[in-house]
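Enquirer: quick one, fold the following:
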Amino acid sequence: GESGTGKSLIARAIHDFSDRRTLPFVTAQAADLHGMDGPSSLLARARGGTLVFDEIGDFDDESQGRIVRMLDALPTNAPRIIATSQEDLAQKTEAGLFRKDLFYRLSGVTMTVPALRERVEDIPLLASHFLARDARDGFTAKTLRADATEAIRHYPWPGNVRQLENTLRRLAVTAPEAEIGRAEVEATLGAQPAPRPQAGGATDEQLSAAIGRHLQRYFDLHGGVLPPPGLYDRILREMELPLIEIALDATGGNQAKCADLLGINRNTLRKKITDLDIRVTRRRKLM
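Expert: Residues are numbered from 1 along each chain as shown. Now for the predicted structure:
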């Protein structure tokens, strides 16, 4: 997941809600692997708890090799191993930028943490959680008014959960009233109105990320076994059907407009409607 999406928090939650919660939780960087007792020292510190390799995609080849050797010789009381990365390790492995043997040793269970802008429904819940936690830490108890909640819902949060957390902490300190309004939110975010979602590149990026998550889930459901052959054509066909149906609905069933929207000619659209067995309704008359 992207920087700030909460990967480390999720790793901590996995530890805290497991039967290892009373054992150590250790976060390691590449530097912790070097030296005579590097890997052994990490295992000793973790003592059967949880050992997290933070941003493992940035580890050099030597550090990756040390982890491979450590994983191949784990003791019986070995800690749970978790690795986080901003980058797609499968792509890095395919490009020869990450060790294949380490990738397969780590990929038993893979979790993709979406960017905060892709889970807008979580933003008010997270904001309430952070404000409540700040109150427990001794700050004045604060809540968000409806207009403030609307402002944070529409902000893109490039820094993800970490940025939201820091913003709410600043508001807990600086907001003059117990109820935080939109003006305070906008001032804290840089004295600019909270931007609305933009068309174009940002939307395309979100769409690509959403498709990527669904494809990754499809692969994960096969339990480490490759899907049946012919995946490329099968995926394109399954994506093509809802795309054409939604485009037809968006254009009121006007196939000329739909073809123009999709960037294909009308004969091609008609053939696809037939091939994909798209049911023709009164709003979708064939030309």
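
Enquirer: hang on, residue 112 packs against residue 1?
Expert: Yes. Counting by Cβ atoms under 8 Å, residue 1 is a contact partner of residue 112 at 6.3 Å. Where C-beta positions appear, they are placed from N, C-alpha and C, glycine not excepted.

Enquirer: more neighbours: these two, which one.
Expert: residue 1 (19 against 14; other Cβ atoms under 10 Å).

Enquirer: contacting residues around the more buried one?
Expert: Listed by Cβ atoms under 8 Å, 6 or more residues apart in numbering, the contact set of residue 1 reads 7, 84, 86, 112, 113, 114, 115.

Enquirer: now this structure, which segments are flagged as low pLDDT?
Expert: Counting by pLDDT under 70, the chain contains low-confidence ranges at 36, 191-210, 212-214, 217-218, 220-224, 279-287.

Enquirer: grab the most central residue of it for me.
Expert: Residue closest to the average C-alpha location in the chain (Cα atoms, centre = their mean): residue 114, at 1.9 Å.

Enquirer: returning to that earlier point: quick one: which of the contacts of residue 1 has the most company?
Expert: residue 7 (24 neighbours).

Enquirer: ok so, going back, would CSV of the contacts of residue 1 with distance to residue 124 and secondary structure be doable?
Expert: Formatted as CSV, the contacts of residue 1 follow (distance: Cβ to Cβ, whole Å; DSSP: H, G, I helix; E, B strand; the rest coil):
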residue, distance to residue 124, secondary structure
7, 22, helix
84, 26, coil
86, 26, coil
112, 23, coil
113, 19, coil
114, 17, coil
115, 17, coil
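
Enquirer: name the nearest of those residues relative to residue 95.
Expert: Taking Cβ to Cβ as the measure, residue 86 is the one of the contacts of residue 1 closest to residue 95, at 15.5 Å.

Enquirer: ok, now which ones touch that closest one?
Expert: Residue 86 makes contacts with 1, 2, 3, 55, 57, as judged by Cβ under 8 Å, 6+ apart.
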